[in-house]
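>>> model this:
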Amino acid sequence: MSRALPKYNKRRVVIIGAAAALALSGAVVVNSALAGESSKSGGSTDAKTLAAPGTISCPDVASQLPAIPASAQAEVDRNLALLQTQIAEANKRLVDTVGQGGANFVQNAILGPLEGKRVSTIDRIAISIGRQGTKPQGLDALAPCALDAGGVADTGEDAGGDAAAGDEAEVTPGAEETAAEGAGDGAAETGEDTGADAAGVGTITCPDVASQLPAIPATAQAEVDRNLALLQTQIDEANTRLQNTVGQGGANFVQNAILGPLADKRVSTIDRIAISIGRKGTKPQGLDALAACTLNK
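Presented below is the predicted three-dimensional model:
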């Protein structure tokens, strides 16, 4: 008995040790599994972070301006602030419309319209400076903006991190430029129009400007003719975009991306016509009322 007892104790020690080893192994397996789950969760979070739409950034305009006459400073400042507002709105739309449209949605519905607005606003800046000094040239090259896909703004005028612009409303003299896309059946009405599409998309028509002008001084005739031709080109381009973007965007896509931007472009062009006539005669008033166009369904 006295010799058997130690063997029994040894056996019990071995069994207890084996059980402890199994328990320890189980703990390791559980911890490994939990670690794997944590890793997967972390990966999922990272993937969501990387899905940010990015940020729109634009060249800086203020730094490229010449000396600004005191009489033009307020108007220039107002339009510089508007440029910033436009970028913030575009960034907001970028966020709000993630996943909408096709491959070219951002270019057609956000970057293109933003560029159109900037062209109009920058042109007003140049005109206001030119009234009392030398009008700066080449500023239109600063109008195009870019999407930084990494979600971090580049340099220049940018606003509001990952933001997007819904339906923009702007408070400034003159409207902005962008392009809209939409659908509807129709043919041209009256005024300046183009046979854009008789196949079911509809046609954009605009009030005629030439017939509403007063006598044009001979020295202004060439510039007026050039801008009247530009008005027609703008309508043609809008009708082309109307066809090319059928089915894109939401209910207000045509208004926001085509008709709104077109009206902004026309405001700027019509303003140039009025200014050119006013240099040698009486500047016509109220022509901005001819800027808005409609989709004939």
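
>>> now for the spatially closest residue to residue 100 that is not a sequence neighbour: which residues touch it?
Distances taken as C-beta to C-beta, 6 or more residues apart in numbering place residue 249 nearest to residue 100, at 6.4 Å, with adjacent residues excluded. C-beta coordinates here come from the backbone N, C-alpha and C atoms, glycine included. Residue 249 sits next to 97, 100-101, 105, 109, 181, 256-257 when contact means C-beta atoms under 8 Å, 6 or more residues apart in numbering.

>>> ok, so of these, who is nearest residue 78?
Each of those was scored against residue 78 by C-beta to C-beta, and residue 256 proved nearest at 23.1 Å.

>>> burial measure for that closest one, as a count.
Residue 256 is surrounded by 25 other residues when neighbours are defined as other C-beta atoms under 10 Å.

>>> any chance of the backbone angles for it?
When quoted as degrees, to the nearest 10, the phi and psi of residue 256 stand at phi -80, psi -30.

>>> kindly report the same for residue 231.
For residue 231, the backbone dihedrals are phi -60, psi -40 (criterion: degrees, to the nearest 10).

>>> one more: residue 143?
Comment: the main-chain dihedrals of residue 143 come out as phi -70, psi -40, following degrees, to the nearest 10.

>>> just the helices in the stretch 101-250 of the chain please.
With helices called from DSSP state H, counting those that start in this stretch, the stretch 101-250 of the chain shows them at 105-106, 112-130, 221-244.

>>> show the average pLDDT along the first one.
Within the predicted structure, the mean pLDDT of helix 105-106 is 84.

>>> ok, stretch 212-230 next?
Across stretch 212-230, pLDDT averages out at 92.

>>> buried residues in it, which are they?
Using 16 or more other C-beta atoms under 10 Å as the burial criterion, the residues of stretch 212-230 that qualify are 213, 216, 220, 223-224, 227-228, 230.

>>> distance between the ends of it?
Taking C-alpha to C-alpha, to the nearest Å as the measure, stretch 212-230 stretches 16 Å from start to finish.

>>> try stretch 104-114
Distance across stretch 104-114, first residue to last, is 15 Å (C-alpha to C-alpha).

>>> can you pull the poorly scored residue ranges out of the stretch 51-200 of the chain?
51-52, 102, 149-200 (pLDDT under 70).

>>> how about the strands in it?
Chain-ordered strands for the stretch 51-200 of the chain, with DSSP state E, counting those that start in this stretch as the definition, fall at 55-58, 146-148, 157-158, 164, 192-193.

>>> related to what we said a few turns ago, need the buried residues of stretch 212-230 in TSV with distance to residue 268, can you?
Shown next, in TSV, are the buried residues of stretch 212-230 (distance: C-beta to C-beta, whole Å):
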residue	distance to residue 268
213	17
216	19
220	17
223	14
224	15
227	9
228	14
230	10
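
>>> the helix or strand residue 273 falls within packs against which elements?
In this structure, residue 273 sits in helix 260-278 according to DSSP states H and E. In this structure, helix 260-278 packs against helix 112-130, strand 203-206, helix 221-244, with contacts taken as 3 or more C-beta pairs under 8 Å, 6 or more residues apart in numbering; DSSP states H and E.

>>> for it, give the mean pLDDT please.
The pLDDT scores in helix 260-278 average 89.

>>> hmm, who's touching stretch 213-224?
Contacts with stretch 213-224, where a contact means C-beta under 8 Å, 6+ apart, come from 272-273, 276-277, 279-282, 284, 287.

>>> in CSV, list the residues you listed along with distance to residue 134.
Converted to CSV, the contacts of stretch 213-224 look like this (distance: C-beta to C-beta, whole Å):
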residue, distance to residue 134
272, 17
273, 21
276, 17
277, 21
279, 15
280, 19
281, 23
282, 25
284, 25
287, 26
